[in-house]
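K.L.:
heads up, no residue letters with this:
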């Protein structure tokens, strides 16, 4: 319906919450799988999908989201650290979990104990993981006990991963490790959403070329790379030549395409891979006051009314994830209409101008971003309006915001 969204969520306390549509997540996963496994592909096995659930599943809630996606058919899960991996493992997730940024000395024992698959980003991590796996084998009296890991290769992002020139060193060190098994090799693209003019060069094909040269060296040294994966969200949507054996959807899993350059690539990506936003961030109007023209609103009077105005107060602020940068720049949806955010966003409350939404009253719900009935205030549009990315906006949702999961 085009009117105000009416939620079934009722609870005591501060009136701010998030609704996560689990069906939308499952639909997005299926759309991604279908997209990277076209009917005319010539492959023995379909490409796998690693669902990235780091950062509390981009603010959506790691454990409930991972469990729903496992049920929907996700092959792997991607997290940042051992704590994140253990959280979803303890929630009952059985599928493989890749710790994408590796591990810090001291974490390796927990990684082995919880059957997590770490990414190795430096050669010296092999010895640490080998010792942990050997200890686990002795404690269980199973000499065949091995720890599986993936190797990350830095193909040009200059962040994490071994350099292609260190492949030979890696091979020598791996040969000494009797309790380790390499089951995957991957890299990460720095700018797969940017399609630069030919004269400026496109970084992604250059990274892809360097990565495959590294794979050739591994093969020459007699090392089976296992699962090969490169494609992040933008590459999944727009670069089929990067799909390899497995893809790693992040923000697209939650219903949003990243920004593309040039912008016309967005329409092409959305047509090729339709997505459904899964999260709605909502609050209620807890007060409405009439303010004369020429009056300041909020801290430092950063908003001055130009007309007699109805100012609504929302029970949400930057302490909840309504970013401070949205002050005097953002909007919310109230009764299906855009109402401007006015003044500085406070930690616990935010002011909105309801003058052009005369039906709005205390107790009404508003949508800060996400679907609201037949309307939607897209999180990626909100993010672009303040010069950030969708992931930044979604991950800002704080722990004090209750999440409600809609099947």
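P.N.:
Here it is on my side, so go on. Keep in mind that this is a model prediction, so the values were computed, not measured.

K.L.:
what about the nearest residue to residue 307 once chain neighbours are set aside, neighbour count?
P.N.:
Closest residue in space to residue 307, ignoring its immediate chain neighbours: residue 293 at 5.2 Å, by C-beta to C-beta, 6 or more residues apart in numbering. The C-beta positions use only the backbone N, C-alpha and C, and glycine is treated the same way. The number of residues packed near residue 293 is 10, by other C-beta atoms under 10 Å.

K.L.:
just checking, residue 293 touches residue 355?
P.N.:
No. Under the criterion of C-beta atoms under 8 Å, residue 293 makes no contact with residue 355, lying 10.8 Å away.

K.L.:
follow-up on the earlier one: for the residue nearest to residue 307, give me its contacts.
P.N.:
305, 306, 307, 308, 309 (C-beta atoms under 8 Å, 6 or more residues apart in numbering).

K.L.:
quick one: which two of the residues you listed are the most distant?
P.N.:
Maximum pairwise distance among the contacts of residue 293 (C-beta to C-beta): 9.5 Å, between 306 and 308.

K.L.:
The two: which is more packed in?
P.N.:
Shown here are residue 306 and residue 308; by other C-beta under 10 Å, residue 308 has more neighbours (12 against 8).

K.L.:
wouldn't the more buried one be in contact with residue 294 here?
P.N.:
No. Assessed by C-beta under 8 Å, residue 308 is found out of contact with residue 294, at 9.8 Å.

K.L.:
Can you report how many residues lie near residue 58?
P.N.:
27.

K.L.:
Next: residue 10.
P.N.:
Residue 10 - counted by other C-beta under 10 Å - has 6 other residues nearby.

K.L.:
Pull up the gap between it and residue 17, please.
P.N.:
10 Å (C-beta to C-beta, to the nearest Å).

K.L.:
cool, residue 214 as well?
P.N.:
In this view, residue 214 and residue 17 are 46 Å apart by C-beta to C-beta.

K.L.:
And the residue nearest to residue 241 when sequence neighbours are not counted, which helix or strand is it part of?
P.N.:
Distance criterion C-beta to C-beta, 6+ apart; nearest residue to residue 241, sequence neighbours excluded, is residue 208 at 7.2 Å. Here residue 208 sits within helix 203-220, counting by DSSP states H and E.

K.L.:
what's the spacing between that helix and its chain's center?
P.N.:
26 Å (C-alpha atoms, centre = their mean, to the nearest Å).

K.L.:
Roughly how far does the residue nearest to residue 307 sit from residue 229?
P.N.:
59 Å.

K.L.:
Sketch out the helices for this structure, chain order is fine.
P.N.:
Ranges of helices in the chain, per DSSP state H, are 22-36, 54-58, 62-72, 82-90, 108-113, 125-140, 167-174, 203-220, 233-238, 264-272, 379-385, 390-395.

K.L.:
so of those helices, which one's packed in deepest?
P.N.:
The highest average neighbour count among the helices of the chain, using mean count of other C-beta atoms under 10 Å, belongs to helix 233-238 at a mean of 25.

K.L.:
Select the longest strand from this structure.
P.N.:
Secondary structure assigned by DSSP state E gives strand 279-291 as the longest strand of the chain.

K.L.:
Would you mind checking the average pLDDT for that one?
P.N.:
Mean pLDDT, strand 279-291: 97.

K.L.:
Which parts of the stretch 251-400 of the chain are strands?
P.N.:
Using DSSP state E, counting those that start in this stretch, the strands of the stretch 251-400 of the chain run over 279-291, 296-297, 303-304, 309-314, 331-334, 337-342, 350-353, 365-372, 375-377.

K.L.:
Distance to residue 187 and mean neighbour count added to those, as a markdown table?
P.N.:
Formatted as a markdown table, these follow (distance: least, C-beta to C-beta, whole Å; neighbours: other C-beta atoms under 10 Å):
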| stretch | distance to residue 187 | mean neighbour count |
| --- | --- | --- |
| strand 279-291 | 29 | 20 |
| strand 296-297 | 49 | 16 |
| strand 303-304 | 47 | 18 |
| strand 309-314 | 43 | 22 |
| strand 331-334 | 39 | 25 |
| strand 337-342 | 40 | 20 |
| strand 350-353 | 41 | 26 |
| strand 365-372 | 32 | 26 |
| strand 375-377 | 34 | 19 |
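
K.L.:
Columns distance to residue 179 on top of the ones you listed, output as TSV?
P.N.:
Below are these laid out as TSV (distance: least, C-beta to C-beta, whole Å):
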stretch	distance to residue 179
strand 279-291	41
strand 296-297	64
strand 303-304	63
strand 309-314	55
strand 331-334	55
strand 337-342	56
strand 350-353	54
strand 365-372	46
strand 375-377	51
